[in-house]
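Engineer: Structural data only, the sequence is not supplied:
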């Protein structure tokens, strides 16, 4: 079993930055794809970014490309999401997830096997 704990969310003004972290425990996930999703009130959970097991390949939703950066530290079993130039439309609960098999271009939440509890990100205008 895998436990995922997100941190780093908060309230920030438009144009600001936040860095989310997601620490994994219970099982080594260094060989798995890691991803970030988000869910705004009244909306479905949507894909944000994913990173390959080595960290060498990344994939982003068009809405965050050029503003967000996903990275990972396998020694710490942790994945990060650096969020720059935040906008009010980025307001959501952000979830990290682990995908045990398959590539990084799966954007459906159904393609991921383990989930964290989420961390709130609120961007004020």
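Structural biologist: Everything's here; your move. All values derive from a computational prediction rather than experimental measurement. Numbering: from 1, shown residues only.
Engineer: Every contact and neighbour count from this point should use C-alpha atoms.
Structural biologist: Will do.
Engineer: burial measure for the closest residue to residue 27 other than its chain neighbours, as a count.
Structural biologist: Leaving aside its sequence neighbours, residue 27 sits nearest to residue 2 (C-alpha to C-alpha, 6 or more residues apart in numbering; 5.4 Å). Around residue 2 there are 15 other residues, counting by other C-alpha atoms under 10 Å.
Engineer: How much space separates residue 2 from residue 115?
Structural biologist: 8 Å (C-alpha to C-alpha, to the nearest Å).
Engineer: quick revisit: just to check, the residue nearest to residue 27 is in contact with residue 114?
Structural biologist: Yes - using C-alpha atoms under 8 Å, residue 2 is in contact with residue 114, at 6.6 Å.
Engineer: Identify the bridge partners of the residue most central in space within the chain.
Structural biologist: For the chain, residue 36 is the residue whose C-alpha lies nearest the centre (C-alpha atoms, centre = their mean; 2.1 Å). With DSSP bridges as the criterion, residue 36 is bridged to residue 49, residue 96.
Engineer: pLDDT at it, what is it?
Structural biologist: pLDDT recorded at residue 36 is 98.
Engineer: Now for it: which residues touch it?
Structural biologist: Contacts for residue 36 were tallied using C-alpha atoms under 8 Å, 6 or more residues apart in numbering; they are 47, 48, 49, 50, 81, 94, 95, 96, 97.
Engineer: do that again at 7 Å, thanks
Structural biologist: When the contact criterion is C-alpha atoms under 7 Å, 6 or more residues apart in numbering, the partners of residue 36 are 47, 48, 49, 50, 94, 95, 96, 97.
Engineer: again with residue 87
Structural biologist: Residues counted as contacts of residue 87 (C-alpha under 7 Å, 6+ apart) are 14, 15, 123.
Engineer: Shouldn't the second one be within a helix?
Structural biologist: Read it as residue 15. No - read with DSSP: H, G, I helix; E, B strand; the rest coil, residue 15 is coil and lies in no helix.
Engineer: how much space between it and residue 120?
Structural biologist: Distance of residue 15 to residue 120, computed by C-alpha to C-alpha: 17 Å.
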